[in-house]
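S.K.: Dropping the sequence and predicted coords here.
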Amino acid sequence: QVLLVESGGGSVQAGGSLRLSCVASGVTINSYAIGWFRQAPGKGREFVAAIGWDYTEQYSDSVKGRFTISRDNAKNTVYLQMNALKSEETAVYYCGFQFHGTWSRERDYAYWGRGTQVTVSS
């Protein structure tokens, strides 16, 4: 059984930073892509960032230059460092596991975690 567990969310003021973690079990992430998405209240799930098996990174335009995705295969974990957070980035952040497909496309992910809440106050 594949399980993804996100952590690291919380409340922060605008301009602050958080680091999210996504720990996988039941699967070795070495050869696969992991992505981060977020869902704000009343909105659909939005692509944030993804990292491939070869450490290639992709970001949405809205977070480029502020967020950094990384992976530690030895810990079966992917991280999302978020800096200069904005109030409009308040959302539940989810990590997803993808066998293959387009990183920014939600339906191409096979497994999802339950999410971690990030609240950014202005």
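M.R.: Everything's here; your move.
S.K.: who's in contact with the residue nearest to the spatial centre of the chain?
M.R.: For the chain, the residue nearest the mean C-alpha position is residue 36 (2.4 Å; Cα atoms, centre = their mean). Contact partners of residue 36, counting by Cβ atoms under 8 Å, 6 or more residues apart in numbering, are 20, 22, 48-50, 69, 78, 80, 93-96. From N, CA and C alone the C-beta is placed, and that goes for glycine too.
S.K.: Distance of the closest residue to residue 13 other than its chain neighbours relative to residue 42?
M.R.: The spatial neighbour of residue 13 that comes closest, neighbours along the chain excluded (Cβ to Cβ, 6 or more residues apart in numbering), is residue 121 at 5.5 Å. As for residue 121, its distance to residue 42 is 18 Å (criterion: Cβ to Cβ, to the nearest Å).
S.K.: residues near the nearest residue to residue 71 once chain neighbours are set aside, how many?
M.R.: Spatial nearest neighbour of residue 71, excluding adjacent residues (Cβ to Cβ, 6+ apart): residue 78 at 4.7 Å. When neighbours are counted by other Cβ atoms under 10 Å, residue 78 registers 27.
S.K.: Do I have it right that residue 78 meets residue 34?
M.R.: Yes - with contact defined as Cβ atoms under 8 Å, residue 78 and residue 34 form a contacting pair (4.3 Å).
S.K.: between those two, what contacts are shared?
M.R.: What both residue 78 and residue 34 touch, as defined by Cβ under 8 Å, 6+ apart, is the set 22, 24, 51, 71, 95.
S.K.: Which of those sits closest to residue 84?
M.R.: For those, the closest approach to residue 84 (Cβ to Cβ) belongs to residue 51, at 20.1 Å.
S.K.: So for that closest one, what pLDDT did the model give?
M.R.: pLDDT for residue 51: 98.
S.K.: Please spell out which residues along stretch 8-25 are buried.
M.R.: 8-9, 12, 18, 20-24 (16 or more other Cβ atoms under 10 Å).
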